[in-house]
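Q: what would the 3D arrangement of this be:
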Amino acid sequence: MNKIEKIINEMTLSEKLNTLHGTSFWLFNSYKADGEGVVCSDGPNGVRKMQNSNIEEVFSPINFVKCTTFPTGSTFACSFDQNLVEKMGIALAHEFQFYKINVALGPAACIKRNPLCGRNFEYLSEDPLLSGYIAGSYIKGFESTGCGTSLKHYVANNQEYGRQVNSSNLSLKCLRDIYTKGFEIAVREGNPASIMVSYNKINGVYACENSYILEDVMRKEIGYKGLFISDWTAVNDPLKSLHAGLNVEMPERDYEEGFYEKAYKEGKIKNEDLTKHLNYYIPFIDKYSDQKELSSIDFEKHLKIAIEVAENSIVLAKNEDNFFPLNSKEEVIVIGLRARDMNYYGGGSSITNSYYKPDFVRILTDKNINFEYDSAYDDEENLNLALLEKIKNQKVLVFLGCDHQEESEGYDRKDMKLPDHQLKLMNEILKITNNVGVIVESGSVVELPFLDNIKGLFIPYFAGEGEDFALYNLIYGFANPSGKLAETWIKKYDDCPGSLTYDKDIFNSYYDEDIYVGYRYYDKYKINVNFPFGFGLSYSKFKLNLLRVAINSKDIKCEVEVTNVSETKGKEVVQLYIGKKDSNIYRVRRELVAFSKAVVYPHSKKKVVLSINYSDLRVFDPTKNKMTLEDGDYELYLCNSSRDEISVTKITLKGEKITKYDFQGPDHSLVFKENEDINLLVSSAIKTNVFKKYLTSVGLDEEKLKNTFFKDGFLKNPIRCLAGLGILKYRDVELILPEIIKELRETKK
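A: Sure thing, here's the model as predicted:
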């Protein structure tokens, strides 16, 4: 009998059942009644430990402990630098250790399918390989300290609108080639303590009840040994979830007294279910409940790391006539509220109470830069154009961006546009001069109607609390830009596949573009974009040359020579893509298979060796229902972006023959509608007098729900969500549910 078997034999039934759910909001129970549990907390780019459990203050920055706010995933993925992300992960973990938190709820590796997703700022990329390796590096660094992570949100969670009832309807090939792939790589590279399972359905089956993604893909195929936890309130049916492979429901829900014991007595929970679950749960508790505690945080050191990550991630997207770097001795005009009130993190579960609040104007003052500043607009979107009269021959820096309340979990953006008042401001400035550099703070892609008429553009996304220092260093040439875009910046929202259907049906999302997401779609159809995936400028100039390719039994080694042909030390990201023109199965024209970042001194050369993992070359073969490396000839592309091709090399790989298989797309016969059960939408239930009366009795009404931290997001979620968050009592809702449904039916008549 091994150690775990011995522990299971000694546990009482009550202790076993108690491990199937968390306690309160943030605790995984110990497997012994008197043991230490595991404490978890948000967030992926900064500690979000609540000081007050009042639900009204759950997303108020002052309600959280002081922490370093590191760049969000949308920023640090643009570093294309695994070592740097690993370093950031270590620093972030130290702050979790200081606050006695065992597991961080991050990183977030969902694919950026559509620019309007409210949570894109937290996600890494439109490309699963980049997303997987960057997430894996984050996990590797973080967990090297003894702290755990929770890789999220698994899987195909690509919108916030109706996220608890929406079904992602997609082909199995699309699911495996794109949406599970990044998670598979992250698990292989980082081995996270836990994986957070998402809210949505996949082809009509809730992710928490989906044994295919949990058992077949992650457990059996990938060999994952960690814990599957639900996203908060994601569990629809706890027993179906248990049987599908979910380990822990979060947070604890007030089911009827003795719910689990009753299910056990009725045979709905069997001993073998509990034994299987505990074989994952016990090692998790043993490893992560006992960790090193830190007595202090070096916030200044962590701020420097945050600056370093931002400097290496912020993308210089345009630099006409060498507008950047600026000369520190020349006067500059700085315009825009965002230059002072910087938008450096996203909303929802990523809101933090930062140790340092960035302010670009303050940095210019401290550095004795000759400048004039005007906010030009305020939070109420009122414009003040007085400073424009002073513009003559100076260079102008304009800071634009949405408020972080516009980009948050719980709801999606309404469009891809910058605020109207900021676009009007740009129009007025460009009437006077085009000697303009723009900094756009946004969590995802925005339309840039003024792009052709400006000289320079920096894209920081939400670059964390060190954004002001990083931008100063980059703008004035004390650091050399090296960030590359982890997603395609399209010109207008209409160019996005799914733009006609996204967020139109709260219950169904049809992935009609299938595997052609992001650059895979834009490059296939040769759509004119502002900036392609993998694009980013530098103050240096590089030449790349693929020297040799060695096909080994374990991997493919590619040696690339990087030459810096300029006077400036810089960093270049080497990108390798692969394609197969004669494939028997439909696949993209080419896709990223390896990347590496190299530091190269002026007029020097550096050799970089990239490894291509054979697993990353596999595609899903529906005829065999498995991931397969197709036999035959391939083209290996050395690129500066998904579109900027430098050289092509042919290679031949030994694999399997694939039966001819053409594009299928999602099954449109899958159509899901609102349920008349605990998944009834709040917006429907609130039409009834029964539910209104109940809300009044607990001090809530429709207006209060609209104005809570998810705007009107709560109205678009099922009533079990409110119960799961403790806003309502689950048992009360269950009791009045028949009356609510009865009243709704009578109203429809």
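Q: how near is residue 197 to residue 134?
A: For residue 197, the distance to residue 134 equals 21 Å [C-beta to C-beta, to the nearest Å]. Just so you know, the C-beta spots here come from the backbone N, C-alpha and C atoms, and that holds for glycine as well.
Q: give me the contacts around stretch 247-262.
A: Where contact means C-beta atoms under 8 Å, 6 or more residues apart in numbering, the residues beyond stretch 247-262 that reach it are 13-14, 17, 19-26, 28, 227-233, 235, 238, 241, 269, 277, 280-281, 723-726, 729-731, 734.
Q: quick one, which of these are buried?
A: Neighbour counting by 16 or more other C-beta atoms under 10 Å classes 17, 19-22, 25-26, 28, 227-233, 235, 238, 241, 269, 277, 280-281, 723-726, 730, 734 among the contacts of stretch 247-262 as buried.
Q: among the residues you listed, which ones are in helices?
A: Members of those lying in helices (criterion: DSSP state H): 17, 238, 241, 277, 280, 281, 723, 724, 730, 734.
Q: and the two most separated of the residues you listed?
A: Spatially, the most separated pair among those is 280 and 734, at 29.8 Å (C-beta to C-beta).
Q: quick one: low-confidence parts of the chain?
A: Counting by pLDDT under 70, the chain contains low-confidence ranges at 52-60, 404, 708-710.
Q: tell me how it divides into domains.
A: The record assigns the chain these domain ranges, following automatic domain parsing: 3-288, 310-520, 542-653, 682-748.
Q: how about stretch 487-498: buried residues?
A: Neighbour-count burial for stretch 487-498 flags 487, 488, 489, 490, 491, 493, 495, 496, 497, 498 (criterion: 16+ other C-beta under 10 Å).
Q: same check on stretch 288-295?
A: 288, 289, 291, 294.
Q: pretty sure the first one is touching residue 39, no?
A: Meaning residue 288. No - Residue 288 lies out of contact with residue 39 (C-beta atoms under 8 Å); the separation is 9.0 Å.
Q: what number of residues are in the vicinity of residue 649?
A: 14 (other C-beta atoms under 10 Å).
Q: do the same with residue 151
A: For residue 151, the neighbour count with other C-beta under 10 Å is 28.
Q: nearest spatial neighbour of it, skipping sequence neighbours?
A: residue 192 (4.4 Å; C-beta to C-beta, 6 or more residues apart in numbering).
Q: re the thing from before, give me whichever of the domains of the chain is most buried.
A: Highest mean neighbour count among the domains of the chain (mean count of other C-beta atoms under 10 Å): domain 3-288, with a mean of 22.
Q: next one: it to chain centre, how far?
A: Here domain 3-288 is found 13 Å from its chain centre; the criterion is C-alpha atoms, centre = their mean, to the nearest Å.
Q: and for stretch 475-482?
A: Centre-to-centre, stretch 475-482 and its host chain are 26 Å apart (C-alpha atoms, centre = their mean).
Q: what about that stretch, start to end distance?
A: One end of stretch 475-482 to the other measures 13 Å (C-alpha to C-alpha, to the nearest Å).
Q: and the contacts of that stretch?
A: 79, 311-312, 314-316, 324-326, 328, 369, 397, 437, 458, 470, 472-474, 536-540, 568-573, 597.
Q: hmm, who's touching stretch 161-169?
A: Contacts for stretch 161-169 (C-beta under 8 Å, 6+ apart): 156-159, 198-204, 233-234, 411-412, 503, 506-511, 666-668, 670, 672, 674-675, 679, 681, 716-718, 720-721.
Q: sorry, slip of the keys, the one I care about is stretch 305-315.
A: For stretch 305-315, contacts defined as C-beta under 8 Å, 6+ apart pick out 68-71, 75-79, 81, 84-85, 87-88, 91, 458-461, 463-467, 469-471, 473-474, 479, 481-485, 535-537, 571, 597.
Q: what's the closest non-adjacent residue to the spatially most central residue of the chain?
A: Centroid-nearest residue in the chain, with C-alpha atoms, centre = their mean: residue 123, separated by 1.6 Å. In space, and not counting its chain neighbours, residue 123 is closest to residue 110: 4.8 Å by C-beta to C-beta, 6+ apart.
Q: do the same with residue 408
A: residue 347 is the one closest to residue 408 (C-beta to C-beta, 6+ apart), at 2.7 Å.
Q: phi and psi next, for the one you found.
A: Main-chain dihedrals, residue 347, degrees, to the nearest 10: phi -90, psi 180.
Q: how near is it to residue 412?
A: Using C-beta to C-beta, residue 347 is found at 12 Å from residue 412.
Q: between these two, what contacts are shared?
A: Shared contacts of residue 347 and residue 412 (C-beta under 8 Å, 6+ apart): residue 118.
Q: just grab the bridge partners of residue 612 for me.
A: residue 556 (DSSP bridges).
Q: do I have it right that it meets residue 593?
A: Yes - between residue 612 and residue 593 there is a contact under C-beta under 8 Å: 5.1 Å.
Q: what is in contact with those two at once?
A: Common contact partners of residue 612 and residue 593 (C-beta under 8 Å, 6+ apart): 576, 578.
Q: picking up where we left off before, let me know the closest of the ones in helices among the buried ones among the contacts of stretch 247-262 to residue 209.
A: Taking C-beta to C-beta as the measure, residue 241 is the one of those closest to residue 209, at 5.3 Å.
Q: what distance do you get for the residue nearest to that closest one when sequence neighbours are not counted to residue 340?
A: Closest residue to residue 241 apart from its sequence neighbours, by C-beta to C-beta, 6+ apart: residue 208 at 4.3 Å. With the distance defined as C-beta to C-beta, residue 208 ends up 43 Å from residue 340.
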